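# got a sequence here, can you build the structure:
(4 chains)
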Amino acid sequence: MDAARLIGRRFAQLAVVLLLVSFFTFSLVRLLPGDPMATIIPFGTDAQRAALQQDLGLDKPFLQQYVNYLGVPGLRSEGTSGILEGNLGRKYSTRQPVTDFLKQSLPISIQLVLYAQILALAIAIPLGVLTAYRNGSRTDRGINTSAFALLAIPNFVLALVLAYVVGVKLKWFPTAGYEPGWLDPLFDRTRTFNVEHFKYMVLPVITLAAGQVAIYMRLLRSDMIATLQENFITMAKAKGLSNRRILFRHALRPSSLTLLTVAGLNIGTLIGGAVVVEVIFGVPGMGEKIYQAIVAREYVELQSYVLVIATLFVLINFVVDFLYILLDPRIRRADAS
Amino acid sequence: MERDDTLLQVTDLHTSFATGRGTVRAVDGVSLTLAAGRTLGIVGESGSGKTVLARSIMGLLPKRGATRTGSIRFEGQEIGELSPKDLRDFWGRQMAMIFQDPMTSLNPVMKIGKQITEAIHEHLEVDRSHAREMAVALLRSVRIPEPERRMKEYPHQLSGGMRQRVCIAVALACGPALLFADEPTTALDVTVQAQVLELIAQQQRERHMATIMITHDLGVVAGRADEIAVMYAGRIVERAPTAVLFSELRMPYTQALLSSIPRLDQPSHARLSTIPGRPPNLITPPPGCRFAPRCAFAQDRCRTEEPPLVAGDAPGHEYRCWFPVDPPSRRPATGTPVGAPNGGEA
Amino acid sequence: MAGTGTAHLRPEGDALLRVEHLVVEFPAGHGRKVQAVSDVSLDLVEGETLGIVGESGCGKSTTGRAIMQLPRPKAGAVVFEGTNLTKLKGEALRAQRPRLQMIFQDPISSLNPRRDVRSIVREGLDIWKIGTPDEREAKVAAALDDVGIDPANADRRPHEFSGGQCQRISIARAVITDPKVIICDEPVSALDVSVQAQILNLLDEMKDRYGLTMIFIAHDLAVVKNVSDRVMVMYLGKVCEVAPPDTLYARPAHPYTAALLAAIPVPDPAQRPDPTTVLAGEIPSPLDPPSGCRFRTRCPKATERCAAEEPEIREVSPGQFVACHFPLAPGETITFGPTRTDLPQI
Amino acid sequence: MPGPGEGTEATTSDLSRFAEDTLSPGLAVGQGQLYMTAVMSETGRRRRLGVGAWIAIGWLVLIVILAVLAQLGALPLKDPNRSYAMCARLGPFAKEGTAPGHLLGCDTNGRDMLARLLYGAWASLLVSIGAVIVGFVFGGVLGMLAGYFGGKVDTVLTAVFNVFLSIPAVILALALVAFLQGSAGETGGSSGADPKIILILALGIVSIPLLGRITRASALTWSEREFVLSAKAQGAKPLRIMVREVLPNVLPAMLSIALLGVAVAMVAEGTLSILGVGVKPPTPSWGNIIGSQRSSLQESPHIIFEPALLIFFTVLSLNFLGDVVRARLDVRESSV
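Below is the predicted model of the structure:
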């Protein structure tokens, strides 16, 4: 079976990419100049430093450190545990396991990014189809110009403007804080729908989604316009099909392939955007934790966060690959390389 | 002139496009008639407007920027007066079209079966299973092996020839009275071309369907069309029943076109007669006869005054030339390849 | 394997270019390989034109490119003026390059859109630092003049020229380094008939003027016949038949050659297309080619022997070589119909 | 990265595509058509720039000139670092009264906004343009190598690009700045390395995989063209082919991406400023004016809105020009 082979191959690729990502994040911390000891105990004695170094495993050769970090059974040093055992290391300062922070903050960020992505696609797809169909009309130009303007507003500016206008002046939504939502372990499971949660999420989500709406819409529009010029669309017209059928049954699916890819890749942008948005709106998600880790020079913590995000990103794009196969039958048979 | 079984009558059709560089008059005053069940071949080089002519008749022009004037009557019905909805009803049921490139004329992400049944559902009141049966029968009739299995396949799983067969099946799905075949075999290999042309001819016989076959290759229509119209720069320059055209041609362009094709019955390394220059662009066509700048027989009059389409000796023969060449039938058997122009005729 | 052998090659000393047992492989995914050209041999005597003809997928273009070592063949020898190109590496191969040149099918894609015509044509001289700048300029102007492009227009970019003119520029570029051999890969198939004749005539002129030896690859037999001294018919990566063009066209010996000839539409209304000569079925997948003779799955004359044993090329009449167990006798006709649909599909 | 958008000429391209059969005489239908379309749209678009493009160019030129003049001290500006305590927080149209003599008001410390904005323009432009140059020098070369040679080179480079891309750009930039600052602080003391150079390096490194991938995609399509094969057949060496045949065709795409890239880098500098690692105060940049003073949004919104508007118009102009360049020079196949 071609499909099975393809899936197997994708899994192998996934493993390789994850390995490379882990190695890269690891190297970033170890290879870049700067002694972690200097940050942890800047005024410690040499003996203190050496002890800490041993404690953290930093006295081992570089590759051994990496193996320990991964926690490869049989290869890792005595008494250490690594990622494969679910150990993402501890904070330098408090010696708390990083996983504790992850459990709290990751769901919050996932919620935020998910809401933003859904909102962006829900607005962008109909607008993209509409503007492509009415290509060149006044509606198209109006929407397109707005999208263009939206693209030029940086996230942080939009966040501040929204906070100022909607939050401060109009007082419609809170401008800072967070209330647990359905993904959050702190969520009160007895309640089915937490309005407060969404109230706190409105401004961060709009901020995050705004730029994406413009990107997705313009992308779908231009792909749709190209598709509508394809011969098979003329053929569909010549069959006497209705415009609605041509647009949604014939044109949308082949046009949505790039959109899908970009939506997958944009998860990275969204997570990046989430850092700023969380900091500005005081949402205690991963972004905020990353920010604090950088400020506090908690490199092990940072390294773990980056690894988790990169893994998520790779996994999501792995899923996107499969959606792609569903959407485009041509890939099922063709060589995937 | 109109016969009883006239299916299509096009009178003085003009189609132009507003582009960034000016107005392109792609079709400029074309009139033609076609009887039910007959085949009209439209021959021309790229840029002659033949494809735009077919699409204008169908009404398949872009929403904006294209202007069409003139009358197109199909079974007496003026097509320009149809509402968009009526026109959609017309497409597929009365007139259908197959396109040049079978690789891109089928939706790549939709199963073959669906692409046929959706046309059936759109026009005929039939239930799912009946539509399916019809589609399988259609695929079988266009000689696609294992039609049931093919119904579930996607276009990319078929070869070019097979895809063109599917396109023909789609076009025939609702039993159109007129089929436009726009360079249906240009993208195909020569043996596949023979298969597809044969298939179209056979379907046409079985269904008593009229066909307009558009091609750049006189060979494709020579043995198959009842009548041939030669187009140059947006106009019909010569038209005649097929046999008449080849024996009585008067228009220098038709003659040049015919003699510039390398032929198997010529010895190898035979020097080909060529047409100098290239076709004019249709934003600023040359004044007078549009072929004059490339014509070996052009005189001053040709460059200033455009010749009308005049009747030839044989019935149904018309051509557009001030100084027509001697027809092949009147040349001496051993004759020099090019007949001397008859000054002052017409 | 189908159609092996070197019986059609002339004595080694006579040949300017001699290709023996050429094999070209491409990766086909999942670690599989597809042999686009398997065991093809051919030779060129100085001053002659070899036409290679066949349908898409027969490996004709790949053969041409493999001779150029772009890409390098998997096996076989390409002996050019006594040097085996497949054994050359790096600088030694590069030094041979200007002696062998190529002209491509697509006139637009084969010229760099961002460079002017002068620098495109001069490229070969610049690479090899031939002559002083003034001499180079003069040579470019002369080459452009030879192909019918006004050297005054040399500052323009390719998109300002028509397809036919771009092809002329390609020819000028190919001859600028005084090559011995030019490989023309479908040089006229993208052009309109009226322009095609101009280019074919030009190629013939250039051949004389520059003392060229040519390989002319095309899918159109009539075109190939017009320019060739010897024609080689290919099918699915193999040689079917090699013969002088007039012999080949008068009495094809390979059933596939006969099918190809019969499929060509003739611009003569008296010759009605004959459905019984239409070759049925499709070209098999090159990933899994038929055993024995590769044409046997579509050949009405095929027997068990054709499946078991690959035919060797042998001489059936003076100068006519065929790779077939049961070649057609002179005057023998072959019937392919009724059109079969039960043949293997890709 | 803002998605590459549609030009304003979609309608006409739609038409010319349809009418192309009638516009390109002499070339038969068939394989030539695609390229013809490409070339057609290119020539069809070689027309005057629109009003929008001129406004965008005008704005960018103005900003660049003002930034340079301010940096050279050729403008009668106030000292951007001097506090006029009386005017602190007062904007041009503030409720409690305006700051006289300060055209655009003052910031929380009473520093003249106009001076800070114009000096800030220099820092913002320097960082964003520098970052794109760094990104293109490395990303462009790597992408070109991957696209031209293909095969193993391509596999390895693409894998490296993808690994880099799997880390969100902002986070990577944040981490890089933190590390680079840390190392610079250690080796050369706090005054050693110009923090702007660290920013340029960090943002440049972050953009390498993205620009590399875009260049690769473009180089790949062009390397498959027959004129490249023809150059090989004439004996041209790879470097010559890459520089003379492929690069000129890839450049338009790169130019358009570079314009967008400058916009993205400018926004990124702002983002990093919000997170406290942008251009180091007191040196002003548009980003760090917003970043360091964002708590004053409620009482003196002008401090935030003035640089925000400057960023908005500059990014808008860059995006717009990027689009225009793409639509005018870049043919369809090479868009990523």
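
# might you report the residue contacts of the spatially most distant residue from the centre of chain C?
Distance from the C-alpha centroid of chain C peaks at C:Asp134, with 36.0 Å (C-alpha atoms, centre = their mean). Residues counted as contacts of C:Asp134 (C-beta atoms under 8 Å, 6 or more residues apart in numbering or on different chains): none. C-beta: built from backbone N, CA, C; applies to glycine.

# name the SS class of it, please.
State at C:Asp134, reduced to three classes by DSSP: H, G, I helix; E, B strand; the rest coil: helix.

# for it, give its distance to C:Ala141.
11 Å (C-beta to C-beta, to the nearest Å).

# chain center to stretch A:113-123, what's the gap?
12 Å (C-alpha atoms, centre = their mean, to the nearest Å).

# show me what counts as buried in that stretch.
By 16 or more other C-beta atoms under 10 Å in any protein chain shown, the buried positions in stretch A:113-123 come out as A:113, A:115-117, A:119-121, A:123.

# count the neighbours of residue 84 for me.
Because you didn't say which chain, this covers chain A. Neighbourhood size, A:Leu84 [other C-beta atoms under 10 Å in any protein chain shown]: 12.

# ah, I was thinking of chain C
Neighbour count of C:Asn84, defined by other C-beta under 10 Å: 13.

# residues contacting C:Ala302?
Contact analysis of C:Ala302 by C-beta under 8 Å, 6+ apart lists C:293, C:295-296.

# nearest spatial neighbour of residue 282, chain-adjacent residues omitted?
No chain in the question, so chain A it is. A:Ala176 (3.9 Å; C-beta to C-beta, 6 or more residues apart in numbering or on different chains).

# chain D is the one I meant
Closest residue in space to D:Pro282, ignoring its immediate chain neighbours: D:Asn81 at 5.3 Å, by C-beta to C-beta, 6+ apart.

# okay, the one you found: pLDDT?
As predicted, D:Asn81 sits at a pLDDT of 74.

# please settle this for me: is it part of a helix?
No - assigned with three-state DSSP, D:Asn81 falls outside any helix and is coil.

# and it, how close does it get to D:Pro284?
D:Asn81 is 8 Å from D:Pro284, where distance means C-beta to C-beta.

# who has more neighbours, those two?
Using other C-beta under 10 Å as the criterion, D:Asn81 and D:Pro284 rank with D:Pro284 on top: 26 against 15.

# tell me who's in contact with A:Trp172.
Counted by C-beta under 8 Å, 6+ apart, A:Trp172 has contacts A:Val166.

# helix, strand or coil for it?
coil.

# neighbours around the residue in the stretch 151-300 of chain C that chain A sits nearest to, how many?
Proximity of the stretch 151-300 of chain C to chain A (C-beta to the nearest C-beta) peaks at C:Leu287, 11.9 Å away. Residues near C:Leu287, counting by other C-beta under 10 Å, number 12.

# helix or strand: which one has the nearest residue to it once chain neighbours are set aside?
Computed as C-beta to C-beta, 6+ apart, the closest residue to C:Leu287 that is not its neighbour in sequence is C:Val34, at 5.2 Å. Take DSSP states H and E as the rule and C:Val34 turns out to sit in strand C:33-45.

# any residue of stretch C:188-202 up close to chain D?
Yes - contact of stretch C:188-202 with chain D (C-beta under 8 Å from any C-beta of the partner chain) involves C:189-193, C:195-196.

# kindly report the residues of the stretch 101-250 of chain C close to chain B.
So the stretch 101-250 of chain C meets chain B at C:162, C:164, C:192-198, C:200-201, C:204, C:219-223, C:225-229, C:245-246, C:249 (C-beta under 8 Å from any C-beta).

# what's the spacing between the residue nearest to D:Leu174 when sequence neighbours are not counted and B:Arg93?
Leaving aside its chain neighbours, D:Leu174 sits nearest to A:Ile294 (5.5 Å; criterion: C-beta to C-beta, 6+ apart). Separation of A:Ile294 from B:Arg93 (C-beta to C-beta): 68 Å.

# ok, now B:Pro285?
From B:Pro285 to B:Arg93 the distance is 37 Å (C-beta to C-beta).

# before we move on, what about A:Leu56?
A:Leu56 sits 79 Å away from B:Arg93, going by C-beta to C-beta.

# distance between the ends of stretch C:156-165?
Distance across stretch C:156-165, first residue to last, is 12 Å (C-alpha to C-alpha, to the nearest Å).

# got the buried residues for that stretch?
Buried residues in stretch C:156-165, counted by 16+ other C-beta under 10 Å: C:157-159, C:161-165.

# please apply the same query to stretch D:222-229.
D:222-223, D:225-229.

# ditto for stretch D:295-304
Those would be D:296-297, D:300-304, for stretch D:295-304 by 16+ other C-beta under 10 Å.

# now the residues of the stretch 101-250 of chain C next to chain B: which count as buried?
Restricting those to buried positions leaves C:162, C:164, C:192-198, C:200-201, C:204, C:219-223, C:225-229, C:245, C:249, with burial counted as 16+ other C-beta under 10 Å.

# tell me which of the buried residues of stretch D:295-304 is nearest to D:Ser256?
Relative to D:Ser256, the closest of the buried residues of stretch D:295-304 is D:Ile304; by C-beta to C-beta it sits at 30.8 Å.

# show me what contacts the closest one?
Shown in contact with D:Ile304 (C-beta under 8 Å, 6+ apart): A:157, A:160, A:164, D:290, D:293-294, D:296-297.

# check which helix or strand covers it.
Secondary structure (DSSP H and E) places D:Ile304 in helix D:301-329.

# list the contacts of the residue of the stretch 151-300 of chain A found nearest chain C.
Nearest residue of the stretch 151-300 of chain A to chain C (C-beta to the nearest C-beta) works out as A:Asn231 at 18.7 Å. Contact analysis of A:Asn231 by C-beta under 8 Å, 6+ apart lists B:99-101, B:104-105.

# do B:Ala169 as well
B:116, B:135, B:138-139, B:141-142, B:144.

# farthest-separated two in the contacts of D:Ile304?
A:Val157 and D:Ser296 (15.0 Å).

# now for the closest residue to C:Asp268 other than its chain neighbours, how many residues are close by?
Leaving aside its sequence neighbours, C:Asp268 sits nearest to B:Ala222 (C-beta to C-beta, 6+ apart; 5.8 Å). B:Ala222 has 25 neighbours, counted by other C-beta under 10 Å.

# how about the one 5 residues further on?
Around B:Glu227 there are 22 other residues, counting by other C-beta under 10 Å.

# beta-bridge partners for it, please?
B:Glu227 has these beta-bridge partners by DSSP bridges: B:Leu40, B:Pro241.

# mind listing what it touches?
Taking C-beta under 8 Å, 6+ apart as the test, what B:Glu227 contacts is B:38-41, B:239-242, B:316.

# now render those residues as a markdown table, adding distance to C:Lys301, pLDDT and neighbour count.
Supplementary listing: the contacts of B:Glu227 in a markdown table, determined by distance: C-beta to C-beta, whole Å; pLDDT from 0 to 100; neighbours: other C-beta atoms under 10 Å in any protein chain shown:
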| residue | distance to C:Lys301 | pLDDT | neighbour count |
| --- | --- | --- | --- |
| B:Arg38 | 39 | 93 | 20 |
| B:Thr39 | 34 | 95 | 22 |
| B:Leu40 | 39 | 96 | 24 |
| B:Gly41 | 35 | 95 | 24 |
| B:Arg239 | 44 | 94 | 25 |
| B:Ala240 | 42 | 94 | 25 |
| B:Pro241 | 39 | 94 | 17 |
| B:Thr242 | 34 | 93 | 20 |
| B:Gly316 | 45 | 90 | 13 |
